[in-house]
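[1] no sequence on this one, just coordinates:
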């Protein structure tokens, strides 16, 4: 695989581990993704049609609710930021 990545440098991520995951539903309990790398950023790219399901970031006593809709891209460090989502109310 190393020879192949050197022959096609566009495949060389310089040691970064790349994963694609598709998740259906929400996680409504505050949590931190402890198994993710400390330096990695998780990118949310929503698909579908729904209402609700806002991303909640409650750091430092402030609860931030972020509505992420199809067409948006949002990145954050899931290993260091406590997060959850609100319930999906439709869709």
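    Ah, there it is. Predicted model only: the values in this text are computed from it and were never measured.

[2] Mind telling me which residue is nearest the centre of the protein?
    Centroid-nearest residue in the chain, with CA atoms, centre = their mean: residue 42, separated by 3.7 Å.

[3] Surely it touches residue 77?
    Yes - between residue 42 and residue 77 a contact is recorded at 7.4 Å, counting by CB atoms under 8 Å. For glycine as for every other residue, the C-beta is placed from the backbone atoms N, C-alpha and C.

[4] how many other residues sit next to the residue nearest to the residue nearest to the centre of the chain when sequence neighbours are not counted?
    Closest residue to residue 42 apart from its sequence neighbours, by CB to CB, 6 or more residues apart in numbering: residue 78 at 4.5 Å. Around residue 78 sit 19 other residues, with neighbours defined as other CB atoms under 10 Å.

[5] quick one: contacts for residue 78?
    Neighbouring residues of residue 78 by CB atoms under 8 Å, 6 or more residues apart in numbering: 32, 33, 36, 42.

[6] Take the residues you listed and keep only those in helices.
    Of the positions in the contacts of residue 78, not one sits in helices, assigned by DSSP state H.

[7] so where's this protein shaky on pLDDT?
    1-20 (pLDDT under 70).

[8] quick one, helices of it?
    Counting by DSSP H, the helices of the chain are 2-7.

[9] how about the strands in it?
    Assigned by DSSP state E, the chain shows strands spanning 42-44, 51-52, 55-57, 64-66, 74-76, 84-85, 88-90.

[10] And for the last one, what's in contact with it?
    Just to be clear, that refers to strand 88-90. 25, 26, 50, 51, 52, 53.

[11] cool, and the second one?
    By CB under 8 Å, 6+ apart, the surrounding residues in contact with strand 51-52 are 86, 87, 88, 89, 90, 91.
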